[in-house]
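J.: just need the structure, nothing else, for what follows:
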Amino acid sequence: MSEPDLNSTAGYLAVLRNRQFLALWLAQIVAQLVDKVVLILLIALAVAEGGSDVNTRESSIMIAMTLPAVFLGSIAGIFVDWHPKREVLILCNFLRGACIFAIPFAPRSLAVLLLFTFIISTLTNFFAPAEQSAIPLIVPKQDLLAANALFTITEVGSLIVGFAIGAPLLTFTLNLFPNATAYSREVVLGSLYIVSGLFLFALPKNEVIHPKKVGSGIWTDLREAFQYVRHNHLIGGAMLQMILLYAVLGAMQKLSLNLAEVVTGNRQEFGSFVASVGVGLAIGAFLIGKFGEKIVHRPLPFIGFMGMAFGLLMYAFVSNQWVAWLIGTFIGINGALIVIPMRTVIQEHTPENMRGKVFGLLNNGENIAASLPLAVIAVSLDFLTGIFGVQNGGKQQVGFQIVLIVFSLIVFGLGTWAWKRTRRALENVL
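T.: Model (predicted):
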């Protein structure tokens, strides 16, 4: 790709003046919002097929959406390194749009919906490493922190806004086109994927693709990526911090259900506690993007893990909803101290011909890390509830408190260990 302007000034204004970055960012905003609404649509279509197994149908769609991230993330990263990022991004969006357009014409069955879900999720997992690999190709190094801050803000924003507006948007679409109710939702969502793809035509065409080595293949490149991460302490350390962060954020999904029951008496209000963490991530991302040059030389990941551990410990003793929201925001702000500097380090210091592989491995690790704590915490809560089976004043569950205290200590210990293990490599660039 064309060389970025190395004379640009750091900050949000500089990256937003970069038309290529602006096009990529707008494409991300549209695509990620549609991703969330598409999941809601697919679940609604699966449930509409009837039957008493509603929970099974909902869970099946969610599993089909998750599986490609676990099994295909690394392979997708290798594919991305073999092809121009511009073409991969455009093709993924157009194919996702085509899948949505095809749903009304396909047989109405859960198996067919699961197939569409799997294909759309697979394309999304090719899109993600291509997107992350494209950023350092169009943004100068001094602007990477601000660029990643903007991407993090919109990632979190799409998570909150997408799920919040998903159902109302689908209902509005049905009412807006009353004579085409069987197709209107799919037409709107598929068209938005196409719009996202059209933004990406602004990316430069002249990216230099490094030729594959003789005898190179998927498994050869995958082994090369593992070896690169294993022997490069800087990249390996940054990935380790990110994977630990996603483990904490994954556990927060389950813990928010129990926190909602303890604080409000209604588990269905857990979304507000998850959203508070998202708000904190967005606030932290904005602050780092704005003042990154002044604070970047401090051990931000270590501070982030310590702050998250302290926030989790405070959750164990909270009984007020507003206080719980503030603690969630505090946890999110500290999470931003990890994700933005570490993502920037990976982009800046990974060779161009390795970025797709590295981000593919990272996506794999993040998704596995986000899933495993869910089962461990669920089993721990059931076990401790069986032992104590009591409530303190009808609000605080003893088992839940113990899990939070132990989990905060684990986060403190693993965060400290991860920082000490990679401190020297990371301090040289932070």
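J.: low-confidence stretches in the stretch 201-350 of the chain?
T.: Across the stretch 201-350 of the chain, the ranges flagged by pLDDT under 70 are 207-218, 257, 266-271, 291-298.
J.: which residue packs closest to Y12, ignoring adjacent ones?
T.: A146 (5.4 Å; C-beta to C-beta, 6 or more residues apart in numbering). For every residue, glycine as well, the C-beta is placed using N, CA and C.
J.: strands of the protein, start to end?
T.: 391-392, 396-397 (DSSP state E).
J.: worst average pLDDT in those strands?
T.: Lowest mean pLDDT within those: strand 391-392, a mean of 46.
J.: what is the neighbour count of the residue nearest to R57 when sequence neighbours are not counted?
T.: Using C-beta to C-beta, 6+ apart and skipping the chain neighbours, the partner closest in space to R57 is A46 (4.3 Å). For A46, the number of neighbouring residues by other C-beta atoms under 10 Å comes to 22.
J.: do P107 as well
T.: 7.
J.: Q20 now?
T.: 19.
J.: ok, the spatially closest residue to it that is not a sequence neighbour to E131 distance?
T.: The shortest distance from Q20 to any residue other than its chain neighbours is 4.2 Å, reached at I138 (C-beta to C-beta, 6+ apart). As defined by C-beta to C-beta, to the nearest Å, I138 lies at a distance of 11 Å from E131.
J.: quick one, which of these two is more surrounded?
T.: Between I138 and E131, counted using other C-beta under 10 Å, I138 has the larger neighbour count: 26 against 23.
J.: pLDDT at the more buried one, what is it?
T.: So, for I138, pLDDT stands at 87.
J.: run a quick check on it versus P204, I expect a contact.
T.: Yes - judged on C-beta atoms under 8 Å, I138 makes contact with P204 at a distance of 7.2 Å.
J.: show me what contacts G73?
T.: G73 makes contacts with 125, 129, 360-361, 363-364, 367, as judged by C-beta atoms under 8 Å, 6 or more residues apart in numbering.
J.: model confidence score at it, please.
T.: 72.
J.: again with W25
T.: W25 is given a pLDDT of 92.
J.: cool, the one 10 residues further on as well?
T.: Looking at D35, its pLDDT is 88.
J.: test my guess that G332 contacts F273.
T.: No - at 10.8 Å, G332 does not count as touching F273 under the criterion of C-beta under 8 Å.
J.: overlap in contacts, these two.
T.: Between them, G332 and F273 share no contacting residue under C-beta under 8 Å, 6+ apart.
J.: how many residues are close by V139?
T.: Counted with other C-beta under 10 Å, residues neighbouring V139 total 24.
J.: ok, the residue nearest to it when sequence neighbours are not counted - contacts?
T.: Nearest residue to V139 in three dimensions, chain neighbours excluded: A147, at 4.7 Å (C-beta to C-beta, 6+ apart). Contact analysis of A147 by C-beta under 8 Å, 6+ apart lists 15, 21, 135, 139.
J.: the residue nearest to R57 touches L110, doesn't it?
T.: Yes - in this structure, A46 is within contact of L110 by C-beta under 8 Å, at 5.8 Å.
J.: pull the residues that contact stretch 319-331.
T.: Residues outside stretch 319-331 that contact it (C-beta under 8 Å, 6+ apart) are 252, 259, 262-264, 272-277, 279-280, 283, 307-308, 311-312, 314-315, 318, 395-396.
J.: filter those residues to the buried ones?
T.: 252, 259, 262-264, 273-277, 279-280, 283, 307-308, 311-312, 314-315, 318, 396 (16 or more other C-beta atoms under 10 Å).
J.: where helices are concerned, which of these count?
T.: Those of the buried ones among the contacts of stretch 319-331 mapping onto helices are 252, 259, 262-264, 273-277, 279-280, 283, 307-308, 311-312, 314-315, per DSSP state H.
J.: re earlier: dump the contacts of A147 into TSV; add distance to A247 as well.
T.: Supplementary listing: these in TSV, determined by distance: C-beta to C-beta, whole Å:
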residue	distance to A247
V15	30
F21	30
I135	24
V139	29
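J.: and L414, how many neighbours does it have?
T.: 16.
J.: show me the contacts for the closest residue to it other than its chain neighbours.
T.: Closest residue in space to L414, ignoring its immediate chain neighbours: L244 at 5.7 Å, by C-beta to C-beta, 6+ apart. By C-beta under 8 Å, 6+ apart, the contact list for L244 reads 305, 369, 411, 414-415, 418.
J.: residues near E58, how many?
T.: Neighbours around E58, by other C-beta under 10 Å: 15.
J.: quick one: contacts for the residue lying closest to A23 once chain neighbours are set aside?
T.: Nearest-residue entry for A23: A202, 3.6 Å, with adjacent residues in sequence omitted and distances by C-beta to C-beta, 6+ apart. Going by C-beta under 8 Å, 6+ apart, A202 touches 19-20, 22-23.
J.: now those in JSON lines, with distance to I402?
T.: Converted to JSON lines, these look like this (distance: C-beta to C-beta, whole Å):
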{"residue": "R19", "distance to I402": "54"}
{"residue": "Q20", "distance to I402": "51"}
{"residue": "L22", "distance to I402": "49"}
{"residue": "A23", "distance to I402": "50"}
